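>>> Pasting the sequence and the predicted model now:
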Amino acid sequence: MSGVLNAVSGCDGFICCIGCLSLVPGLVRRIVNQVAFFPPRPPGYHVTEEKQVFLVEADYGLTPLPDLTSEGIAVDTVRMWSRRGSVILGFHFRRADSTKTLLFSHGNSTDIGIMFHHLRDLCTNLQVDVFAYEYSGYGESTGVPSEADLYSDVEAAYHYLTHDCSVPDDQIICYGQSIGSVPSIDLASRTSVGGLILHSAMKSGLSVIHEVKTTYWFDVFQNAARIKRVNAPVFIIHGTHDQEIPFEHGVTLYEACPPEVAYDPWWVKEAGHNDIEINHRMLYFENLARFLKALDTQDRHWKRNCDHEHEHEHEQGSEHGWQPLLGAGNLHTPKYSYEPMKQ
């Protein structure tokens, strides 16, 4: 009780108001779910009743999902079921020469269709597989977006990669951009992954709208608290002129990172929230490639050297299913029933 009183006595009126609202069961969560998520309308892709997949262009015209086989890339569209009951979609970019998979969690106000060409560029330039999944309530996924659904959605994507595609967990690199940092950090804090990339990430939900110096019990998206439990190498990218999620968020996350896994961050001078991969394109891919290479070598630029590797085992207990919608062949024998889409 004394700890709670001390916290209340040291907070301002806004924090105290939110704290009081949090005493009403579920109220803060319901408010957050209403104001924190902005699914684009219309979605950036469309799946027909015949299970064919199209990208939605700027003029709202439909373009068939590009065939990238001439670039050495196979693209599968899969449908997955989360433990909270949502049916979510995903694009899986696969290369024959890849040894790593980026598990990509996109930012707000976008979806995997709008991000398609950027995902292809990641696959091509970094020579890795990329699996980008959709959030509940975004794109053509069912359900309503919420913090709890973010966690169950990324679990379903991780389950698909590790169980159905047989991708070793140490070859999975979580990539979280903006609000995508929330499921990425959460997953990396409780499962085994090979690395974590945070792009314009937030330290917590409350701190985006109001300056806070600590994590309160009623805060949402508690990234700064959860990142302390991450055992995989972490690479943080943040623009110094970010007006949506200020630069200080990236610094706080870096300082909260366990020293033995904190890779040298890339503080992008004069960059904003959504322009790093556009205005600093060459350096963007160079820095990502350098981090991925460091994962395979002893030349690691950590906050301080680590004399031992952290190892832990995690068993995924939730039940999921998945279904390929449009693909270029299977790399594995799925453990769940599925129905192939038309080519």
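Sure thing, it's come through.

>>> And His117, how close does it get to Leu68?
To Leu68, His117 is 11 Å away according to C-beta to C-beta, to the nearest Å. To be clear about C-beta, it is placed using only N, CA and C from the backbone, and glycine gets the same treatment.

>>> When these two are compared, which one has more neighbours?
Taking neighbours as other C-beta atoms under 10 Å, His117 and Leu68 compare with Leu68 leading, 17 against 10.

>>> I'd like to know how far the more buried one sits from Leu103.
Taking C-beta to C-beta, one finds Leu68 at 19 Å from Leu103.

>>> and what of Phe285?
Distance from Phe285 to Leu103, by C-beta to C-beta: 18 Å.

>>> before we move on, what about Thr124?
From Thr124 over to Leu103 the distance is 18 Å, taken as C-beta to C-beta.

>>> from memory Ile73 sits against Asp97, does it?
No - in terms of C-beta atoms under 8 Å, Ile73 does not count as a neighbour of Asp97; the distance is 10.6 Å.

>>> between those two, which one's more packed in?
Ile73 (20 against 8).

>>> quick one: that one from Thr99, how far?
Distance, Ile73 to Thr99, using C-beta to C-beta: 15 Å.

>>> same check, this time on Gly272
For Gly272, the distance to Thr99 - C-beta to C-beta - is 33 Å.

>>> Can you show me the helices along this structure?
Along the chain, the segments classed as helices by DSSP state H run 2-9, 13-21, 27-35, 116-126, 147-159, 181-190, 206-209, 223-226, 247-256, 276-279, 281-294.

>>> Ile278: neighbour count?
By other C-beta under 10 Å, neighbour count at Ile278 equals 11.

>>> dump the residue contacts of the residue nearest to Val128 when sequence neighbours are not counted.
If you skip the residues right next to it in sequence, Val128 has Lys100 as its closest partner in space, 4.5 Å away by C-beta to C-beta, 6 or more residues apart in numbering. Neighbour list for Lys100: 128-129, 171-173, 194, 292, 295 [criterion: C-beta atoms under 8 Å, 6 or more residues apart in numbering].

>>> how about those, which pair is most distant?
Asp129 and Leu295 (14.8 Å; C-beta to C-beta).

>>> And Ser204, what's its pLDDT?
Reported pLDDT at Ser204 in the predicted model: 86.

>>> I figured it was touching Arg226, is that so?
No - taking contacts as C-beta under 8 Å, Ser204 lies outside contact range of Arg226: 9.7 Å.

>>> I'd like the distance between Leu196 and Pro183.
When distance is defined by C-beta to C-beta, Leu196 is 11 Å away from Pro183.

>>> residues touching the residue nearest to Val167 when sequence neighbours are not counted, list them.
Nearest residue to Val167, sequence neighbours excluded (C-beta to C-beta, 6+ apart): Leu161, at 4.4 Å. By C-beta under 8 Å, 6+ apart, the contact set of Leu161 is 101, 103, 131, 167, 172.

>>> ok, and the most crowded of these?
Neighbour counts for the contacts of Leu161, by other C-beta under 10 Å, peak at Leu103, which reaches 29 neighbours.

>>> For the closest residue to Arg229 other than its chain neighbours, grab the count of nearby residues.
The shortest distance from Arg229 to any non-neighbouring residue, by C-beta to C-beta, 6+ apart, is to Ser189 (4.2 Å). Applying other C-beta under 10 Å, we find 18 residues neighbouring Ser189.

>>> Okay, Ser189 and Thr297: tell me how far apart.
Distance from Ser189 to Thr297, by C-beta to C-beta: 25 Å.

>>> sorry, back to before: identify, from the contacts of Leu161, the entry nearest to His46.
Nearest to His46 among the contacts of Leu161 is Phe131, at 20.2 Å by C-beta to C-beta.

>>> Contacts only, for the nearest residue to the closest one once chain neighbours are set aside.
Counting by C-beta to C-beta, 6+ apart, Phe131 lies nearest to His92, which is 4.8 Å off, once chain neighbours are set aside. Taking C-beta under 8 Å, 6+ apart, we find His92 in contact with 75-78, 129-131, 165, 327.
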